[in-house]
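Chemist: I'll drop the sequence and a predicted model, then ask my questions.
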Amino acid sequence: MSIQNILEKQREFFNSQATKSLDFRKTQLQKLKQVISANENLFYEAIHKDFGKSQFDTYTTELSIIYGEINYYLKNLKSLMKPKSVKTNLPNLPGSSKIYQDPLGCSLVIGAWNYPYQLSICPMISAIAAGNTCILKPSEVAENTMKLMVDLFNKNFDERVFHVETGGVAETTELLKLKFDKIFFTGSPQVGKIIYEAAAKNLTPVTLELGGKSPALVTENANLEIATKRIIWGKFLNAGQTCVAPDYILVDKKVATKFIEILKNQVQKNDYQPNSSHFTRIINEKHFNRLLNLIDDTKIIFGRKTDLEKLYIQPTLLYPINWNDKIMQEEIFGPILPILVYENFDEALNQIRNHEKPLSAYLFSNNSDEIEKFANQISFGGGCINDVVMHLTNENLPFGGVGNSGIGNYHGKFGFEAFTHQKSVLKRATWGEPNIKYPPYSDKKLNWIKKLM
């Protein structure tokens with residue numbers, strides 16, 4: 001059956017109102033949790049085939065987040081769906097006002113390869129929880145995980161509710177020609193612009209989860225031991241193939257030498273060797289070669305060992321780096337960490353402000369003035385003070401970008417809202433109707449209108 005026919009069936013099913021009940025939504029979410037839980041070993045095997053990801057990393061960075069999203073909605077869906085009563089203004093009294101949580105309709109989710117389960121399934125969970133139907137297009141780059149999701153989900157779910165579609169650029173291009181009520185995309189800013197342009201032809205609302213060069217700013221007031229430990233973990237998690245990973249470090253010149261010494265020791269301590277189960281491989285040869293091309297051999301202070309057959313690149317530290325170096329011209333998305341220095345804190349903030357707004361930003365400092373300036377003066381999607389990456393694990397915080405790093409956000413109630421229209425309804429009483437708004441008009445009526453409004 002063609003994807004257009006499936007979409008037509010989904011639209012017909014959505015219009016039947018079947019997806020809108022609490023019981024229906026919870027049943028779909030419970031089934032999804034059951035299918036994933038019963039087949040966890042298959043999920044581990046598929047992602048290991050794609051890029052050597054360990055069970056530990058797969059559970060902590062993929063499946064646990066998926067389970068967390070499902071559990072959040074199972075617990076909170078009833079209250080999220082409930083119409084919200086709001087105050088009614090004087091001209092509309094007697095009456096009442098409510099905001100209804102209206103599902104948008106038929107949604108398209110286009111996932112990313114770097115976290116192929118989490119970044120495909122979590123937006124889909126939000127779509128279903130919000131009462132929509134969903135077509136999911138996982139990334140073809142992570143081929144084995146894509147095939148697993150197609151096999152498991154299309155066998156276990158009614159295609160009128162949820163269907164997984166395969167394919168690459170050509171198939172995605174055809175998908176984007178169809179009229180959806182919501183498109184959710186995770187990927188690069190370059191492709192995000194293509195998605196946005198295609199969606200505009202049908203005035204389809206979008207959520208774009210993109211990327212960018214996320215800074216880690218280390219001041220003289222930072223705990224350097226903690227800063228290095230947490231930056232190294234977040235940067236080399238998934239071999240740096242993480243959209244919210246620190247892309248580069250800006251460190252105060254006063255502590256740069258000491259910081260770099262501790263940083264190198266921390267990388268060595270983590271034992272990122274070719275056969276380490278806790279270090280993921282690069283997804284494919286194309287990305288492997290792209291990353292090697294970014295490395296300036298004259299600025300390596302640690303790392304650079306590679307193994308093409310194993311798609312292994314050793315965590316590599318580059319110093320001193322400036323803004324004109326090749327490594328600073330694009331998002332790295334790999335295990336290479338450039339280090340820049342700054343002379344004063346305001347200068348560092350200006351350097352960040354002079355570039356595209358990043359998806360994430362991180363500050364390591366115990367100085368309250370620096371923390372306040374960072375939080376208030378830098379525009380970024382989300383971030384941490386004295387940590388990296390961990391903000392996206394909090395379901396109470398929205399996850400998304402700003403400017404070049406994205407449009408909209410999700411996770412928890414924010415995911416529900418991303419796939420929902422806030423529909424306003426005013427209910428008026430049918431008694432006590434004054435004639436003040438009806439013709440014939442007069443100066444007296446106008447004076448009363450001015451007072452009331």
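Modeler: Received the coordinates, thanks.
Chemist: Quick one: the helices in the stretch 51-200 of the chain, in order.
Modeler: Using DSSP state H, counting those that start in this stretch, the helices of the stretch 51-200 of the chain run over residues 55-58, 64-81, 118-129, 143-156, 169-175, 189-200.
Chemist: And for the stretch 351-453 of the chain?
Modeler: 368-377, 413-418, 443-452.
Chemist: Local confidence estimate at the nearest residue to Asn92 once chain neighbours are set aside?
Modeler: Nearest residue to Asn92, sequence neighbours excluded (Cβ to Cβ, 6 or more residues apart in numbering): Leu426, at 5.9 Å. All C-beta atoms are positioned from the backbone trio N, CA, C, and that covers glycine. Leu426 carries a pLDDT value of 97.
Chemist: Identify all residues paired with Leu426 through a beta bridge.
Modeler: Ser97 (DSSP bridges).
Chemist: Any chance of the helices of the stretch 351-453 of the chain in TSV with mean neighbour count and distance to Gln34 as columns?
Modeler: Below are the helices of the stretch 351-453 of the chain laid out as TSV (neighbours: other Cβ atoms under 10 Å; distance: least, Cβ to Cβ, whole Å):
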stretch	mean neighbour count	distance to Gln34
helix 368-377	14	41
helix 413-418	22	21
helix 443-452	11	56
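Chemist: what about the ones you listed, which gets the closest to Ile3?
Modeler: Nearest of the helices of the stretch 351-453 of the chain to Ile3, taken as Cβ to Cβ: helix 413-418 at 22.6 Å.
Chemist: contacts for that closest one?
Modeler: With contacts defined as Cβ atoms under 8 Å, 6 or more residues apart in numbering, helix 413-418 is touched by 69, 73, 76-77, 80, 101, 122-123, 125-126, 129-130, 182, 184, 207, 398-400, 408-410.
Chemist: Could you do stretch 347-361 as well?
Modeler: By Cβ under 8 Å, 6+ apart, stretch 347-361 touches 209-215, 217, 243-244, 246-247, 250, 252, 323, 340, 342, 373-374, 377-384, 388-389, 391, 401-406.
Chemist: Show me just the buried residues among the residues you listed.
Modeler: 209-215, 217, 243-244, 246-247, 250, 252, 340, 342, 373-374, 378, 380-384, 388-389, 391, 401-406 (16 or more other Cβ atoms under 10 Å).
Chemist: Sitting in strands, which of those do you find?
Modeler: Among the buried ones among the contacts of stretch 347-361, the members falling in strands are 209, 215, 217, 250, 252, 340, 342, 382-384, 406 (criterion: DSSP state E).
Chemist: Show me which of the residues you listed is closest to Ile332.
Modeler: Nearest member of those to Ile332, counting by Cβ to Cβ, is Pro215, at 12.2 Å.
Chemist: hmm, back to that, figure out which of the helices of the stretch 51-200 of the chain is closest to Trp233.
Modeler: Using Cβ to Cβ, the nearest of the helices of the stretch 51-200 of the chain to Trp233 is helix 55-58, at 11.4 Å.
Chemist: other SSEs contacting the closest one?
Modeler: Applying 3 or more Cβ pairs under 8 Å, 6 or more residues apart in numbering; DSSP states H and E, one finds that helix 55-58 makes contact with helix 40-51.
Chemist: With respect to Thr58, which of the helices of the stretch 351-453 of the chain lies nearest?
Modeler: helix 413-418 (21.4 Å).
Chemist: how far is that closest one from where the chain is centred?
Modeler: Using Cα atoms, centre = their mean, to the nearest Å, the distance from the centre of helix 413-418 to the centre of the chain it belongs to is 12 Å.
Chemist: Alpha carbons of that helix, as CSV, please.
Modeler: C-alpha atoms of helix 413-418 as CSV (Å, rounded to 0.1, in the frame of the first residue of the first chain):
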residue,chain,number,x,y,z
LYS,A,413,4.0,18.4,28.8
PHE,A,414,5.9,20.4,26.2
GLY,A,415,5.7,17.4,23.8
PHE,A,416,2.0,17.1,24.3
GLU,A,417,1.6,20.8,23.5
ALA,A,418,3.8,20.5,20.4
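Chemist: ok, Gln422 - contacts?
Modeler: Going by Cβ under 8 Å, 6+ apart, Gln422 touches 99-102.
Chemist: Return the subset of the residues you listed lying in strands.
Modeler: Filtering those for strands - DSSP E - leaves 99-102.
Chemist: hmm, back to that, so the residue nearest to Asn92 sits against Pro94, correct?
Modeler: No - in this structure Leu426 lies outside contact range of Pro94 using Cβ atoms under 8 Å: 11.5 Å.
Chemist: quick one on the thing from earlier: now tell me which of the helices of the stretch 351-453 of the chain the model trusts least on average.
Modeler: helix 443-452 - the lowest mean pLDDT of those, at a mean of 87.
Chemist: so which of the helices of the stretch 351-453 of the chain gets nearest Val164?
Modeler: When the helices of the stretch 351-453 of the chain are compared by Cβ to Cβ, helix 413-418 sits nearest Val164, at 18.9 Å.
Chemist: what residues are up against the closest residue in space to Phe279 that isn't next to it in sequence?
Modeler: Leaving aside its sequence neighbours, Phe279 sits nearest to Tyr272 (Cβ to Cβ, 6+ apart; 4.6 Å). Residues near Tyr272 by Cβ under 8 Å, 6+ apart: 236, 278-279, 314-315, 335.
Chemist: Filter the residues you listed down to the ones in strands?
Modeler: Among the contacts of Tyr272, DSSP E puts none in strands.
Chemist: This completes my enquiry, with thanks.
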